[in-house]
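Participant: structure, please.
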Amino acid sequence: MSRIGSVAAWAFFSLCVMAVITLPVNLQTQLIVSVLIVTFMAVLKLANAGGRWRLIALAFGTAIVLRYVYWRTTSTLPPLNQLENFIPGFLLYLAEMYSVMMLSLSLFVVAMPLPPRKASSISPGKFPKVDVFVPSYNEDAGLLANTLAAAKAMDYPADKLTVWLLDDGGTLQKRNSANLVEAQRASARNAELQALCDDLGVRYLTRERNEHAKAGNLNNGMLHSDGELIAVFDADHAPARDFLLETVGYFEQDPKLFLVQTPHFFLNPDPLERNLRTFEKMPSENEMFYGIIQRGLDKWNAAFFCGSAAVLRRKALEDTEGFSGMSITEDCETALALHGRGWNSIYVDRPLIAGLQPATFASFIGQRSRWAQGMMQILIFRFPLFKGGLSIPQRLCYMSSTLFWLFPIPRTIFLFAPLFYLFFDLEIFTASGGEFLAYTLAYMVVNLMMQNYLYGSFRWPWISELYEFAQTVHLLPAVISVLLRPSRPTFKVTAKDESILESRLSEIARPFFVIFAVLFVALLMTVYRVYTEPYKADVTLVVGGWNLLNLIMAGCVLGVVSERGERAASRRVKVSRRCEFGVADKWYPATIEDVSAHGARVQVYGIDASTLPTDTEGGIRFEPYSGSGVAETLPVAIRNKEVAGDITIMGCRYLPQVARHHSLVADLIFANSRQWSEFQSARRGNPGLVRGTFWFLWLALYQTSRGMIYFLRSLRGSEAQKEGA
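Facilitator: Have a look, this model is predicted:
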């Protein structure tokens with residue numbers, strides 16, 4: 001009876017909502033109600049109301065959205081007998097409905113995400129055996145050395161921990177290649193990495209053939225290992241000392257647990273952050289996913305494997321014959337298969353690894369293209385909505401994660417829709433200026449406010465739109481290609497540890513300048529049409545405002561594709577760690593100020609810097625986090641120095657000579673996970689919708705001018721090259 005009562009109550013509530021949504025009201029009433037709801041939501045946000053009040057605010061926002069959907073569906077579509085208007089108009093309608101659907105799925109996933117989990121300790125004497133897999137393809141030995149050394153130094157019983165380098169760059173297939181250069185490089189890599197692994201005390205493993213990409217490499221590792229648990233780290237993802245202590249304990253609590261996933265923290269900015277200079281003051285793009293969305297997925301037992309920074313149960317993987325390899329995103333596909341088999345996952349919201357992300361815009365787009373195509377393959381081949389074994393919430397969660405990557409299609413429609421009216425006078429959206437104000441503008445404002453409610457300090461206003469706009473041009477053909485030929489995409493390794501020595505335009509920047517030019521001409525057309533057709537000025541101004549918003553976004557992207565020169569791919573991490581600095585057999589008290597993957601900045605007391613030429617070799621002596629109580633020395637070379645009273649600030653470059661030196665570098669950079677949490681917390685602040693919008697407008701104006709300067713420089717450079725030829 002209680003179940004029947006619940007269904008009846010839900011049906012009654014749904015009917016009431018439908019009645020409110022479809023209630024016929026005049027335009028003035030609609031406008032007044034919209035203003036009242038926006039004001040109510042703003043007051044609740046300013047009051048920092050949470051819990052039920054947060055849900056009430058989201059419910060009022062949802063009412064405005066659904067009211068807009070009803071009006072949009074019943075009153076704005078062009079007549080069917082005017083195909084030149086109806087076809088583009090209906091495509092725009094579908095794009096808007098996609099956005100509403102994704103908002104609905106987001107509300108389901110993250111309206112009330114789980115709070116961060118409490119740490120789970122391991123019972124004394126019950127440490128399970130763990131195999132650590134570091135899959136590699138073409139990464140530099142120095143980069144691998146830091147990751148392997150950090151993995152080897154994790155705080156865990158040595159007899160229960162085995163670190164494996166799974167090298168797909170030195171396979172027998174590559175060493176026997178008919179291409180002599182490729183064969184020699186693979187053979188040299190094979191020998192170099194075997195020697196490195198021997199020095200570090202880790203296991204080296206390769207295979208005969210490069211089959212099934214990363215999934216095949218991981219499955220080959222499973223065939224040669226026997227640990228109860230498997231930790232996976234990408235080649236450029238180095239773990240902190242406490243990674244296993246913070247994750248392994250959960251497996252003891254739940255015998256059906258197959259995954260403990262942790263967030264990906266990056267030492268370097270992505271191309272948007274670097275070129276816009278927002279890395280140290282604004283949350284990274286990935287923090288919205290790892291800080292909010294994964295916790296929302298975790299609430300529904302749908303947190304999925306992200307390819308690295310995770311621990312998995314071998315028994316569960318054996319249940320699905322290892323890592324899945326039908327798509328090029330083996331991580332999410334593997335999690336989907338295991339959730340369908342009744343296994344559980346959890347998400348631990350604490351950064352326990354630090355890695356590198358693509359430094360150039362082209363590499364960034366290449367990475368995102370692989371993610372988009374892989375998710376489309378999962379959507380086509382696995383279609384989570386109807387996959388057996390999943391709960392209804394899990395189905396919705398996976399549909400949200402896969403459908404998101406269709407965004408290039410509606411984004412393209414939103415970009416070009418205003419141009420149909422401004423250039424060709426097609427009426428693809430039949431409404432007056434007043435109706436736009438009462439319905440569309442209210443919908444847009446409420447949509448932004450709901451995003452601010454959902455993601456708060458993890459995502460500033462308009463930044464999601466900027467990221468999607470910047471990716472759309474190049475992701476659109478990638479997504480369409482996989483929709484047409486789902487089996488065609490192949491796994492491509494993302495370039496790591498890149499650097500940009502000189503400022504330049506990205507090699508894939510040209511389409512954005514073309515788009516900006518077209519949108520600017522459309523802006524001029526708006527002014528012309530308002531002047532020549534004053535009787536349609538209200539609609540023209542609304543459509544022109546839409547085009548202006550696209551123009552602002554396009555201008556900001558011009559700054560994104562204007563690559564700033566920066567020699568190091570890795571940013572420095574502040575550490576403030578006491579040490580001694582030695583040179584010429586003398587030791588001085590010092591403090592390590594910050595570190596990177598290649599060097600350190602050290603404050604030295606009482607040293608006579610005038611006697612030390614550049615490239616003088618010395619050493620940094622400090623006590624590792626291992627707790628041995630014995631200080632060890634890391635060789636360095638002085639690259640630059642700066643005197644400030646009794647303190648001399650030394651810029652040093654590491655000179656690792658033996659395996660232990662790589663371990664010391666890893667200890668300096670990666671051992672202490674607390675520093676990463678502190679860095680993230682320092683840049684998490686919510687500017688609010690109004691202040692955030694003004695900040696974005698200023699950013700877009702500045703980046704537009706910077707992009708145009710880079711463009712003019714590139715033209716002068718091209719002319720100079722022609723004259724030289």
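Participant: next, give phi and psi for Ala537.
Facilitator: Reported as degrees, to the nearest 10, the phi and psi values for Ala537 are phi -60, psi -30.
Participant: residues contacting it?
Facilitator: Val530 (C-beta atoms under 8 Å, 6 or more residues apart in numbering). Where you see a C-beta, it was placed from the backbone N, CA and C, and this is true even at glycine.
Participant: how close does it sit to Gly433?
Facilitator: 8 Å (C-beta to C-beta, to the nearest Å).
Participant: check which helices and strands the longest strand anywhere in the chain sits against.
Facilitator: The strand spanning the most residues in the chain, taking DSSP state E as the definition, is strand 632-644. The helices and strands touching strand 632-644, judged by 3 or more C-beta pairs under 8 Å, 6 or more residues apart in numbering; DSSP states H and E, are strand 599-605, strand 617-622, strand 647-654, helix 659-670.
Participant: 10 Å instead, please
Facilitator: strand 573-583, strand 599-605, strand 617-622, strand 647-654, helix 659-670 (3 or more C-beta pairs under 10 Å, 6 or more residues apart in numbering; DSSP states H and E).
Participant: mind putting these into CSV with distance to Gly559 and mean pLDDT?
Facilitator: Formatted as CSV, the helices and strands packed on strand 632-644 follow (distance: least, C-beta to C-beta, whole Å; pLDDT from 0 to 100):
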stretch, distance to Gly559, mean pLDDT
strand 573-583, 26, 88
strand 599-605, 29, 92
strand 617-622, 38, 92
strand 647-654, 29, 90
helix 659-670, 30, 88
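Participant: what's the closest of those to Tyr455?
Facilitator: When the helices and strands packed on strand 632-644 are compared by C-beta to C-beta, strand 573-583 sits nearest Tyr455, at 25.6 Å.
Participant: buried sites along the helix or strand that that closest one is followed by?
Facilitator: Counting by DSSP states H and E, the element after strand 573-583 in chain order, helix or strand, is strand 586-595. Neighbour counts over strand 586-595 (16 or more other C-beta atoms under 10 Å) mark 587-588, 590-595 as buried.
Participant: burial count for the closest residue to Pro511 other than its chain neighbours?
Facilitator: The shortest distance from Pro511 to any residue other than its chain neighbours is 4.9 Å, reached at Val473 (C-beta to C-beta, 6 or more residues apart in numbering). Val473 has 22 neighbours, counted by other C-beta atoms under 10 Å.
Participant: tell me the strands beside the longest strand of the chain, with direction?
Facilitator: Using DSSP bridges, strand 632-644 pairs in its sheet with strand 617-622 (antiparallel), strand 647-654 (antiparallel).
Participant: run through the strands of the stretch 101-250 of the chain in chain order.
Facilitator: Ranges of strands in the stretch 101-250 of the chain, per DSSP state E, counting those that start in this stretch, are 130-136, 161-167, 203-205, 229-232, 237-239.
Participant: okay, those strands, which one's buried deepest?
Facilitator: strand 237-239 (a mean of 27; mean count of other C-beta atoms under 10 Å).
Participant: counting contacts, what elements does that strand pack onto?
Facilitator: Going by 3+ C-beta pairs under 10 Å, 6+ apart, strand 237-239 lies up against strand 130-136, helix 141-152, strand 353-355, helix 659-670.
Participant: okay, the ones you listed in a markdown table with distance to Ile87 next?
Facilitator: Below are those laid out as a markdown table (distance: least, C-beta to C-beta, whole Å):
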| stretch | distance to Ile87 |
| --- | --- |
| strand 130-136 | 47 |
| helix 141-152 | 51 |
| strand 353-355 | 46 |
| helix 659-670 | 55 |
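Participant: which among the ones you listed is found nearest to Val110?
Facilitator: Closest among these, using C-beta to C-beta: strand 353-355, at 23.3 Å.
Participant: quick one: contacts of that closest one?
Facilitator: 146-147, 150-151, 231, 233-240, 243, 262-268, 308-310, 496, 570, 573, 597, 669-670, 673, 675-676, 679 (C-beta atoms under 10 Å, 6 or more residues apart in numbering).
Participant: pull the helix or strand with minimum mean pLDDT from the chain.
Facilitator: helix 2-22 (a mean of 64; mean pLDDT, DSSP states H and E).
Participant: just want the most central residue of this protein.
Facilitator: Centroid-nearest residue in the chain, with C-alpha atoms, centre = their mean: Asn286, separated by 3.2 Å.
Participant: checking my notes, that one in a helix, right?
Facilitator: Yes: the assignment for Asn286 (DSSP: H, G, I helix; E, B strand; the rest coil) places it in a helix.
Participant: what's near enough to touch it?
Facilitator: 263-266, 270, 306, 357, 458.
Participant: could you dump the strands of the stretch 101-250 of the chain to a markdown table with mean pLDDT and distance to Ala517?
Facilitator: Output for the strands of the stretch 101-250 of the chain, formatted as a markdown table (pLDDT from 0 to 100; distance: least, C-beta to C-beta, whole Å):
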| stretch | mean pLDDT | distance to Ala517 |
| --- | --- | --- |
| strand 130-136 | 97 | 43 |
| strand 161-167 | 96 | 47 |
| strand 203-205 | 96 | 53 |
| strand 229-232 | 97 | 45 |
| strand 237-239 | 94 | 41 |
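Participant: about what we covered before: now render the contacts of Asn286 as TSV, adding neighbour count and distance to Ala186.
Facilitator: Below are those laid out as TSV (neighbours: other C-beta atoms under 10 Å; distance: C-beta to C-beta, whole Å):
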residue	neighbour count	distance to Ala186
Pro263	22	34
His264	22	29
Phe265	23	32
Phe266	24	29
Asp270	23	31
Cys306	23	29
Gln357	22	27
Phe458	20	43
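Participant: from those, which land in strands?
Facilitator: 265-266.
Participant: pLDDT averaged over the next helix or strand after the least confident helix or strand of the chain - what is it?
Facilitator: Remark: after helix 2-22, the chain's next helix or strand is helix 27-46, criterion DSSP H and E. Throughout helix 27-46, pLDDT has a mean value of 86.
Participant: need the CA coordinates for helix 27-46. PDB is fine.
Facilitator: Extracted in PDB, the C-alpha atoms of helix 27-46 (Å, rounded to 0.1, in the frame of the first residue of the first chain):
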ATOM      1  CA  LEU A  27       3.600  38.200 -21.200                       C
ATOM      2  CA  GLN A  28       3.700  40.700 -18.400                       C
ATOM      3  CA  THR A  29       2.800  38.000 -15.800                       C
ATOM      4  CA  GLN A  30       5.500  35.700 -17.200                       C
ATOM      5  CA  LEU A  31       8.100  38.500 -17.000                       C
ATOM      6  CA  ILE A  32       7.200  39.300 -13.400                       C
ATOM      7  CA  VAL A  33       7.200  35.700 -12.300                       C
ATOM      8  CA  SER A  34      10.600  35.200 -14.000                       C
ATOM      9  CA  VAL A  35      12.100  38.200 -12.200                       C
ATOM     10  CA  LEU A  36      10.700  37.100  -8.800                       C
ATOM     11  CA  ILE A  37      12.200  33.600  -9.200                       C
ATOM     12  CA  VAL A  38      15.600  34.900 -10.400                       C
ATOM     13  CA  THR A  39      15.600  37.300  -7.400                       C
ATOM     14  CA  PHE A  40      14.600  34.500  -5.000                       C
ATOM     15  CA  MET A  41      17.400  32.200  -6.300                       C
ATOM     16  CA  ALA A  42      19.900  35.100  -6.000                       C
ATOM     17  CA  VAL A  43      18.900  35.800  -2.400                       C
ATOM     18  CA  LEU A  44      19.300  32.100  -1.500                       C
ATOM     19  CA  LYS A  45      22.700  32.000  -3.200                       C
ATOM     20  CA  LEU A  46      23.900  35.200  -1.400                       C
END
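Participant: so what touches that helix?
Facilitator: 23, 25-26, 49-50, 53-54, 56-58, 60-61, 63-64, 67-68, 71, 432, 434-435, 437-439, 441-443, 445-446, 449-450, 452-453, 456, 686, 688-690.
Participant: the stretch 251-400 of the chain: helices as residue ranges?
Facilitator: Secondary structure of the stretch 251-400 of the chain (DSSP state H, counting those that start in this stretch): helices at 271-276, 285-288, 294-299, 314-319, 330-340, 361-381, 392-403.
Participant: now mean pLDDT and distance to Ile463 too, for those helices, in CSV please.
Facilitator: CSV is the format used below for the helices of the stretch 251-400 of the chain (pLDDT from 0 to 100; distance: least, C-beta to C-beta, whole Å):
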stretch, mean pLDDT, distance to Ile463
helix 271-276, 92, 9
helix 285-288, 89, 8
helix 294-299, 95, 18
helix 314-319, 96, 36
helix 330-340, 95, 24
helix 361-381, 93, 15
helix 392-403, 96, 19
